[in-house]
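**Q** My questions are about this predicted structure, shown below with the sequence.
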Amino acid sequence: MSTLGKVIRCKAAVLWGLKQPFSIEEVEVAPPKAYEVRIKILATGICRSDDHAIQGYLVAKFPVILGHEAAGIVESIGEGVTTVKPGDKVIPLCLPQCGKCSSCINPNGNFCEKVDITGKGVLSDDTSRFTCRGKPVYHFLSTSTFTEYTVVEESSVIKIDAAAPLEKVCLIGCGFSTGYGAAVKTAKVTPGSTCVVFGLGGVGLSVIIGCKSAGASQIIGIDINKDKFGKAKAVGATECISPKDYTKPISEVLKEMTGNSVGYTFEAIGHPETLIDALASCHVSYGTSVIVGLPPSSTMLTYDPMLLFTGRTWKGCVFGGWKSKEDIPKLVSDFLAKKFDLDQLITHVLPFNKIKEGFDLLYKGECIRTVLVM
Ligand code: COD
Ligand code: ZN
Ligand code: ZN
């Protein structure tokens with residue numbers, strides 16, 4: 001029976017309030033309005049930012065359906081939609097590309113002003129497409145993928161190659177692209193260079209994959225959890241160290257280890273102290289440090305301006321610096337052409353209704369990426 005134009009009843013993981021457990025509920029998903037797309041989600045990764053919303057570090061409106069790193073198939077489209085059609089394989093975009101705002105029209109910007117970073121939780125007509133037990137349930141990062149069906153705006157979805165395995169390329173929707181792009185797109189790591197990556201979670205490992213593919217000759221991974229070292233070396237780190245093993249500042253340790261040649265550092269933890277450590281660790285005059293992790297909102301940094309005065313470059317990037325609509329299909333093609341491997345990042349695959357176990361793995365530091373399959 002066709003679902004076209006009808007409300008779909010399906011399973012979703014609803015979070016009723018801050019720091020609450022997920023509740024698998026039956027929700028109603030309204031048909032897409034004009035310029036909207038309803039997607040059947042088939043695979044969704046668990047990203048640290050979903051937990052940031054649970055803990056309140058990232059603002060969300062409750063009750064909410066979290067999840068933003070996913071892949072699926074278009075079920076139906078609203079009036080005026082031209083870039084996708086029912087049956088297309090797609091990736092929802094937690095960073096939209098509207099094509100019209102000041103970031104979108106500049107070749108160097110990607111922070112589209114349609115991004116829902118302030119947690120409005122609604123689509124452009126200021127309403128939600130989800131209801132549960134008679135109450136509206138809000139959207140998250142314009143995507144909401146911890147559900148069998150979701151509705152997004154056309155600016156928040158892109159068609160990908162029909163040959164793409166959805167349970168793998170879902171990582172291109174956030175974690176992989178964020179880290180890989182920080183190295184190859186934002187820092188533009190040069191061949192033969194020395195790189196240091198702070199934080200060896202899924203994002204940090206993706207930075208390492210980017211540094212390696214850009215031809216870096218020395219890649220040092222840093223983490224306080226030594227269990228992360230094996231995987232980091234498997235994806236390309238040449239050495240790994242824990243700051244806990246040293247009494248002197250990590251910048252001094254790195255200077256000695258590399259003969260004072262650190263060209264690039266990346267912070268993929270999201271802590272104020274390690275952001276400054278990463279800045280201080282790149283070369284005094286030609287080093288570049290890239291901010292990938294984001295500390296909890298309202299955090300302020302204090303640092304010695306001398307760190308920048310001497311010539312260092314301090315850069316940030318969202319989603320690796322990629323323009324999402326333009327670049328995601330290319331990243332999927334590069335994956336299909338075996339230019340990088342995503343298998344090493346996927347440590348666990350669980351059925352969707354085991355979402356709580358997936359988050360437990362994240363809290364215990366036992367996974368790189370858990371992918372939930374519907
Ligand atoms: N020193 C060294 N390593 C540390 C320290 C420390 N003081 N504290 C924690 N770590 C390590 C942990 O042991 C862990 O291995 C790693 O840092 C962090 O990994 P994960 O698995 O928790 O997180 P990731 O890789 O999934 O995500 C990291 C981000 C930095 C991207 C994330 O936390 C974040 O800040 N997100 C918001 C910013 C963003 O752009 N996100 C992408 C869009 S959702
Ligand atoms: Zn994410
Ligand atoms: Zn835009």
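**A** Okay, I see it. Ligands and ions are numbered 1, 2, ... in the order given.
**Q** Show me what from this protein comes close to ligand 3.
**A** Cys98, Cys101, Cys104, Cys112 (CB under 5 Å from the ion). In short, each C-beta sits where N, CA and C put it, glycine included.
**Q** let's see 6 Å
**A** Contact residues, the chain versus ligand 3 (CB under 6 Å from the ion): Gln97, Cys98, Lys100, Cys101, Ser103, Cys104, Cys112, Glu113, Lys114.
**Q** For ChimeraX, write the select line for the buried members of these.
**A** Buried residues among those (16 or more other CB atoms under 10 Å), as a ChimeraX selection:
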select :97,98,101,103,104,112,114
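**Q** Format the residues of the chain next to ligand 3 as TSV; extra columns: secondary structure.
**A** Output for the residues of the chain next to ligand 3, formatted as TSV (DSSP: H, G, I helix; E, B strand; the rest coil):
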residue	secondary structure
Gln97	coil
Cys98	coil
Lys100	coil
Cys101	coil
Ser103	helix
Cys104	helix
Cys112	coil
Glu113	coil
Lys114	coil
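**Q** Could you report the distance from the closest residue in space to Pro32 that isn't next to it in sequence to ligand 3?
**A** Nearest non-adjacent residue to Pro32, counting by CB to CB, 6 or more residues apart in numbering: Gly78, 3.8 Å away. According to CB to the ion, to the nearest Å, Gly78 and ligand 3 sit 19 Å apart.
**Q** and Gly78, what is it in contact with?
**A** Pro31, Pro32, Lys33, Ala34, Tyr35, Glu36, Val37 (CB atoms under 8 Å, 6 or more residues apart in numbering).
**Q** Read off the pLDDT value for it.
**A** You'll see Gly78 listed with a pLDDT of 98.
**Q** same deal with the one 5 residues further on?
**A** According to the predicted model, the pLDDT of Thr83 comes to 98.
**Q** what's near enough to touch it?
**A** With CB under 8 Å, 6+ apart, Thr83 has these contacts: Glu154, Val157, Ile158, Lys159.
**Q** List phi and psi for the second one.
**A** Going back to what we said before, that points to Val157. The phi and psi torsions at Val157 (degrees, to the nearest 10) take the values phi -150, psi 140.
**Q** Bridged to it, which residues?
**A** Pro92 (DSSP bridges).
**Q** Report how many residues lie close to it.
**A** As a burial measure, Val157 scores 29 neighbours (other CB atoms under 10 Å).
**Q** Where does the stretch 51-200 of the chain get nearest to ligand 1, which residue?
**A** Closest to ligand 1 within the stretch 51-200 of the chain is Gly199: 3.4 Å, counting by CB to the nearest ligand atom.
**Q** hang on, the earlier thing: considering the contacts of Thr83, which possesses the most neighbours?
**A** Val157 (29 neighbours).
**Q** if we can go back for a sec, from the residues of the chain next to ligand 3, list the ones also adjacent to ligand 2.
**A** Answer for those near ligand 2: none qualify (CB under 6 Å from the ion).
**Q** can you put the residues of the chain next to ligand 3 in JSON lines and add distance to ligand 1?
**A** Listed next are the residues of the chain next to ligand 3 as JSON lines, based on distance: CB to the nearest ligand atom, whole Å:
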{"residue": "Gln97", "distance to ligand 1": "15"}
{"residue": "Cys98", "distance to ligand 1": "18"}
{"residue": "Lys100", "distance to ligand 1": "22"}
{"residue": "Cys101", "distance to ligand 1": "19"}
{"residue": "Ser103", "distance to ligand 1": "15"}
{"residue": "Cys104", "distance to ligand 1": "18"}
{"residue": "Cys112", "distance to ligand 1": "14"}
{"residue": "Glu113", "distance to ligand 1": "17"}
{"residue": "Lys114", "distance to ligand 1": "15"}
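**Q** need the residues of the chain next to ligand 3 in TSV with distance to Asn353 and pLDDT, can you?
**A** Shown next, in TSV, are these (distance: CB to CB, whole Å; pLDDT from 0 to 100):
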residue	distance to Asn353	pLDDT
Gln97	33	98
Cys98	35	97
Lys100	39	97
Cys101	38	98
Ser103	38	98
Cys104	38	98
Cys112	33	98
Glu113	36	97
Lys114	32	96
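**Q** In space, what's closest to the residue positioned nearest the centre of the chain - neighbours in sequence excluded?
**A** The structure's the chain has its C-alpha centroid closest to Cys174; by CA atoms, centre = their mean the separation is 2.8 Å. The shortest distance from Cys174 to any non-neighbouring residue, by CB to CB, 6+ apart, is to Glu69 (3.7 Å).
**Q** residues touching the one you found, list them.
**A** So Glu69 contacts Thr44, Gly45, Ile46, Cys47, Cys94, Thr145, Cys170, Leu171, Gly173, Cys174, Gly175 (CB under 8 Å, 6+ apart).
**Q** switch to 10 Å and redo it
**A** Counting by CB atoms under 10 Å, 6 or more residues apart in numbering, Glu69 makes contact with 43-47, 49-50, 91-92, 94, 141, 143, 145, 170-178, 202, 369, 371.
**Q** can I get the CA coordinates of stretch 226-237 in CSV?
**A** Provided in CSV are the C-alpha atoms of stretch 226-237 (Å, rounded to 0.1, in the frame of the first residue of the first chain):
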residue,chain,number,x,y,z
LYS,A,226,45.8,4.0,25.2
ASP,A,227,43.3,1.5,23.9
LYS,A,228,42.8,3.9,21.0
PHE,A,229,46.5,3.6,19.8
GLY,A,230,46.2,0.3,17.9
LYS,A,231,43.4,1.6,15.7
ALA,A,232,45.1,4.9,15.2
LYS,A,233,48.3,3.1,14.0
ALA,A,234,46.2,0.9,11.7
VAL,A,235,44.7,3.9,9.9
GLY,A,236,48.0,5.7,9.5
ALA,A,237,49.5,7.2,12.8
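**Q** from the stretch 151-300 of the chain, which residue is nearest to ligand 3?
**A** Minimum separation of the stretch 151-300 of the chain from ligand 3 (CB to the ion) falls at Ser155, amounting to 7.1 Å.
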